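Q: Sequence first, predicted model second:
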Amino acid sequence: LVSVMTFLKGDISKKITTWELNRFSNKQYVNVVGGASRLFKYFAKTHTPDEVTSFADRRWSTTVSNVYTAIGFEFVHASPPNYWYFMPVELKRYHRYGLRKKQDDVLTEKEIRNQQGWLRIWDCGSLKYVWKKANPLPIL
């Protein structure tokens with residue numbers, strides 16, 4: 001296996017009801033020329049989606065030129081940075097949704113987590129891309 005692309009059918013947490021291109025990766029130190037376009041074209045022909053959404057981490061991607069634009073996706077918008085929680089002794093980050101405060105808590109979420117030893121860390125936001133059936137499939 002040298003290249004892989006995975007898809008999800010809908011994601012309630014992101015308010016997506018269509019397909020989502022979830023991950024794309026090549027084997028470390030391997031460049032598969034045309035790999036993304038071949039994998040996406042196969043997916044589109046096999047599943048005939050009307051629309052596919054994907055998100056790029058702004059730490060690694062720019063809107064100038066990337067794999068999404070190369071395979072026919074259109075840039076929609078950039079989201080602002082978001083925070084995660086980090087427990088220093090575990091060296092692991094946790095999504096904030098799992099650490100929200102309870103409705104009857106008097107303290108804020110941040111105050112509660114600070115008392116418990118959590119640190120808040122921020123990402124750089126994400127870029128949203130959408131491919132629509134009307135868009136041409138990538139040329140191989």
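A: Arrived safely. Source: prediction; values computed, not measured.
Q: need the contact list for S61.
A: Taking Cβ atoms under 8 Å, 6 or more residues apart in numbering as the criterion, S61 is in contact with Y68, L127. (C-beta placed from N, C-alpha, C; glycine too.)
Q: any idea which helix or strand carries it?
A: Take DSSP states H and E as the rule and S61 turns out to sit in neither a helix nor a strand.
Q: Can you tell me how far it is from G98?
A: Separation of S61 from G98 (Cβ to Cβ, to the nearest Å): 26 Å.
Q: What is the neighbour count of V67?
A: For V67, the neighbour count with other Cβ atoms under 10 Å is 18.
Q: Run through the neighbouring helices and strands of the strand ranked longest in the chain.
A: Looking across the chain with DSSP state E, the single longest strand is strand 16-26. If you count contacts as 3 or more Cβ pairs under 8 Å, 6 or more residues apart in numbering; DSSP states H and E, strand 16-26 packs onto strand 3-11, helix 35-47, strand 51-57.
Q: Can you tell me what sits against the longest one?
A: The reference is to helix 35-47. So helix 35-47 is contacted by 2-5, 7, 19, 21, 24, 26, 49, 52, 67, 70-72, 131, 137-140 (Cβ under 8 Å, 6+ apart).
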